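> Turn this into a structure:
(chains A and B)
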Amino acid sequence: MFKKILIANRGEIALRIIRTCKEMGIKTVAVYSTADRDSLHVRFADEAVCIGPPKSSESYLNIPNIMAAAEITNADAIHPGYGFLSENAKFAEICAQYKINFIGPTAEQIRQMGDKITAKDTMKKAGIPVIPGSDGLLTDIEEGKKLAKKIKYPVILKATAGGGGKGMRVVWSEDEFEKAFETATMEAGAAFGNAGMYMEKFIEEPRHIEIQVAGDKFGNATHLSERDCSIQRRHQKLVEECPSPFVDEALRKKMGDAALKACKAIKYQSLGTIEFLVDKYKNFYFMEMNTRIQVEHPVTEEVMDYDLVKEQILIASGVKISGKIYLPRQMVAIECRINAEDPTKNFAPSPGKITSLHTSKGFGVRVDTHIYAGYTVPPFYDSMIAKVICRAQSREEALDRMERALKEFIIEGVKTTIPFHLWLLQNEDFRKGNYNTKFLENMDFTQLGA
Amino acid sequence: MDFKQIQELIKIVSKSELAEVKIEQDNFKITIRNKDASQPMITHAAPVYASPVLSAAPIAAASPASASAAPADANESEGPSAGGKIYEFKSPMIGTFYRRPSPDKDSFVKVGDEINTGDVICIIEAMKLFNEIEFEGRGRVVKILVDDSTPVEYDQPLFLIEQL
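Next up, the predicted model:
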């Protein structure tokens, strides 16, 4: 087992990882930028190293600085969390080179699944349903138009190096095609330095349902059922739940089996998530694979009563998984991501000093957060400041509990998305489980009451 | 906190690796600085919950001597040699700090030396790469804040420089 893990991340996930390490008796090293000097993860860790100025590229994304920090603290493993370097194959490679365990899959697996086109190909070969679309990158507009005609509009143009919803354009008809292609290409080039585009059939009323998988270094694989992450705004998840209100036992079996096949096909070794798009007819299509722990992992943990971060560390240290498949019994869990944003101002970021704070508590309530009264939310990073997770024995109860919990969450000094979540919890369609990824599209929250 | 408790605290701090301990309670504040702190990097952080608030300095400025090593962030304190503003030269990177080009050679700089743009004042080594750190401007070395061969982090004060 590892003696000391360096957590190459910040915020709530850094705390999450530190907590599990403490329980496992593993020493922890926190790294921080000068903007995070007063951050909680710095105080909770056994050791802390300042690795650069506020800008991510010069600190949390700075591989030499992080490796130097690992070297001077003699860390024998690095947990990359989510975002930042967690899906950076080069970083995983460098860790291997310096004989520091990267808590995640191999660099090769990251690479394979990181390139959306290669991932799709790999899955297709493994017999997993994929969304019909282009065979690799589109060479030009003409090729795109021809293919779109074949697979039928609407289609979506996507950047191969993309993420976070950038470099994507839906095209509803041929006359929109050229302009959409040009703007998407430009956006992709600017955001990722790679203007390569591919095309897919655009799934209508799609639900984003993902399967949590785990594989070990011995070729064993398993899954822990699904999470429904369809409530998104601009392709950013806001609410997640386990199980999905749309998935019945039969669909779960089919999707779970497909996810297992995917895992085994690449001999995946770590925790990961296979994301599927599910249409209204319950057809599911592989979208992408995330080779890291995800923000929404707590909903699975609450339903399955399982520490996923611990599992990651165990797998990385060479422990075999049991292979047992985890299905939801009775518990339901829902997570609301609380961002420091003002929903009435188009979700504009609202950094600043938190002057008073009372987080939700009580039976069946879990709050994963790094904030505290007096903490200043820096403007340099992600706006997510807390995750409120509620579990109960039915979806109805879990929703009621979440409403109670959010009403009790008092935070002053920054604006948050709590009013948005309270609105959502009262929305009839959401309560019934009738929603898909288009749910929040075109919705205006400027009039949201306090 | 009564006198006996303060005595105990001083004993504990001086035996430990901590560089500095600050305690704040209702209308009472005490700071205890360790003379012999030798590990500039290690933070033993107490969780930030109940009062009294106990905070250990996350970066130990491992100076072998006295309180004049206090961060001279924005102030124009008069240095030992008359007139010039004293400021901290901070580490631009993470790694192990070396005062000399090799164990058998002399230090790059010593206290009192006058340094100019381009002068190499120390080496910081990380991952087997030795980086020569160059000074910029004109100054005089007032104090060397870190021992030879110690790990340093980004922004850690390495030298006190008097601006000339």
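> contacts, neighbours, all on C-alpha from now
Noted.
> Can you give the domain ranges for chain B?
If you go by automatic domain parsing, the domain ranges for chain B are B:3-56, B:67-163.
> where does chain A have low pLDDT?
Applying pLDDT under 70 to chain A flags the ranges A:163-164, A:450.
> Which residue ranges of it form helices?
A:11-24, A:40-44, A:63-73, A:89-97, A:107-114, A:116-125, A:141-151, A:174-192, A:249-265, A:297-304, A:308-316, A:395-408, A:418-426, A:428-432 (DSSP state H).
> Can I get the domains of chain B in TSV including mean neighbour count, mean pLDDT and distance to chain A?
TSV is the format used below for these (neighbours: other Cα atoms under 10 Å in any protein chain shown; pLDDT from 0 to 100; distance: least, Cα to the nearest Cα, whole Å):
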stretch	mean neighbour count	mean pLDDT	distance to chain A
domain B:3-56	15	64	5
domain B:67-163	17	85	5
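> mind listing what A:L448 touches?
A:343-344, A:419-420, A:423 (Cα atoms under 8 Å, 6 or more residues apart in numbering or on different chains).
> Of those residues - the most surrounded one?
A:P343 (22 neighbours; other Cα atoms under 10 Å in any protein chain shown).
> just to revisit the earlier point, how about the helices of chain A in CSV, adding distance to chain B?
Below are those laid out as CSV (distance: least, Cα to the nearest Cα, whole Å):
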stretch, distance to chain B
helix A:11-24, 12
helix A:40-44, 5
helix A:63-73, 5
helix A:89-97, 11
helix A:107-114, 20
helix A:116-125, 33
helix A:141-151, 47
helix A:174-192, 27
helix A:249-265, 35
helix A:297-304, 23
helix A:308-316, 21
helix A:395-408, 20
helix A:418-426, 25
helix A:428-432, 37
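> Tabulate these (CSV), appending distance to B:I94.
Formatted as CSV, these follow (distance: least, Cα to Cα, whole Å):
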stretch, distance to B:I94
helix A:11-24, 20
helix A:40-44, 17
helix A:63-73, 6
helix A:89-97, 17
helix A:107-114, 25
helix A:116-125, 35
helix A:141-151, 48
helix A:174-192, 28
helix A:249-265, 38
helix A:297-304, 33
helix A:308-316, 26
helix A:395-408, 42
helix A:418-426, 40
helix A:428-432, 49
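> Nearest approach to A:C242 belongs to which of those?
helix A:297-304 (5.8 Å; Cα to Cα).
> hmm, who's touching the closest one?
By Cα under 8 Å, 6+ apart, helix A:297-304 touches A:212, A:224, A:226-227, A:240-242, A:306-308, A:326-329, A:331-335, A:389, A:391.
> Out of these, list just those in strands.
A:212, A:224, A:226-227, A:240-242, A:332-335, A:389, A:391 (DSSP state E).
> Now that we have those, which of them are buried?
Burial by neighbour count, judged by 16 or more other Cα atoms under 10 Å in any protein chain shown, picks out A:212, A:224, A:226-227, A:240-242, A:332-335, A:389, A:391 from the ones in strands among the contacts of helix A:297-304.
> which one among the residues you listed gets closest to A:K282?
Ranked by distance to A:K282 (Cα to Cα), those are led by A:E226 at 14.1 Å.
> Apart from its neighbours in sequence, what residue is nearest that closest one?
Leaving aside its chain neighbours, A:E226 sits nearest to A:I211 (4.3 Å; criterion: Cα to Cα, 6 or more residues apart in numbering or on different chains).
> That neighbour bridge partners, please.
A:E226, A:I274 (DSSP bridges).
> same thing with the one 10 residues further on?
For A:A221, the beta-bridge assignment (DSSP bridges) gives partners A:G215.
> Burial check on it, number of neighbours?
A:A221, neighbours per other Cα under 10 Å, totals 27.
> List the contacts of it.
Here A:A221 is in contact with A:213-215, A:260, A:263-264, A:268, A:321, A:323 (criterion: Cα under 8 Å, 6+ apart).
> Would you mind giving those residues as CSV with neighbour count added?
Converted to CSV, those look like this (neighbours: other Cα atoms under 10 Å in any protein chain shown):
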residue, neighbour count
A:V213, 26
A:A214, 26
A:G215, 26
A:L260, 23
A:C263, 28
A:K264, 17
A:Y268, 27
A:I321, 18
A:G323, 13
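> Not counting its neighbours along the chain, what's nearest the residue nearest the centre of chain A?
Centrality entry for chain A: nearest residue to the mean C-alpha point is A:Q294, 4.0 Å, by Cα atoms, centre = their mean. Nearest residue to A:Q294, sequence neighbours excluded (Cα to Cα, 6+ apart): A:Y82, at 6.1 Å.
> how close does the one you found get to chain B?
23 Å (Cα to the nearest Cα, to the nearest Å).
> Surely that residue and A:E296 touch.
No. At 10.5 Å, A:Y82 does not count as touching A:E296 under the criterion of Cα atoms under 8 Å.
> Looking at those two, which one has more neighbours?
Neighbour count, other Cα under 10 Å: between A:Y82 and A:E296, A:E296 has more, with 23 against 19.
> Quick one: residues contacting the more buried one.
Each residue near A:E296 by Cα under 8 Å, 6+ apart is listed here: A:240, A:335.
> Could you count how many residues lie near A:E143?
Residues lying near A:E143 (other Cα under 10 Å) number 11.
> ah, wrong one, I meant A:L308
20.
> quick one: contacts for the residue nearest to A:T344 when sequence neighbours are not counted?
Leaving aside its sequence neighbours, A:T344 sits nearest to A:T446 (Cα to Cα, 6+ apart; 3.8 Å). Contact analysis of A:T446 by Cα under 8 Å, 6+ apart lists A:343-346.
> with these in mind, which one is nearest to A:F202?
A:N346 (26.0 Å).
> What distance do you get for that closest one to chain B?
35 Å.
> any idea how far B:P157 is from that residue?
Distance, A:N346 to B:P157, using Cα to Cα, to the nearest Å: 42 Å.
> A:I131 reaches A:P206, doesn't it?
No. Using Cα under 8 Å as the test, A:I131 is too far from A:P206 to be in contact (11.8 Å).
> Same drill for those two, tell me which one is more crowded.
A:P206 (22 against 19).
> From chain B, how far out is the more buried one?
45 Å.
> Do I have it right that that residue meets A:D279?
Yes. The criterion here is Cα under 8 Å, and A:P206 meets it with A:D279 at 4.8 Å.
> Got the phi and psi for the residue nearest to A:Q294?
Phi and psi for A:Y82, reported as degrees, to the nearest 10, are phi -130, psi 160.
> right, so of the helices of chain A, which gets closest to A:K353?
When those are compared (using Cα to Cα), the closest one is helix A:40-44, at 14.5 Å.
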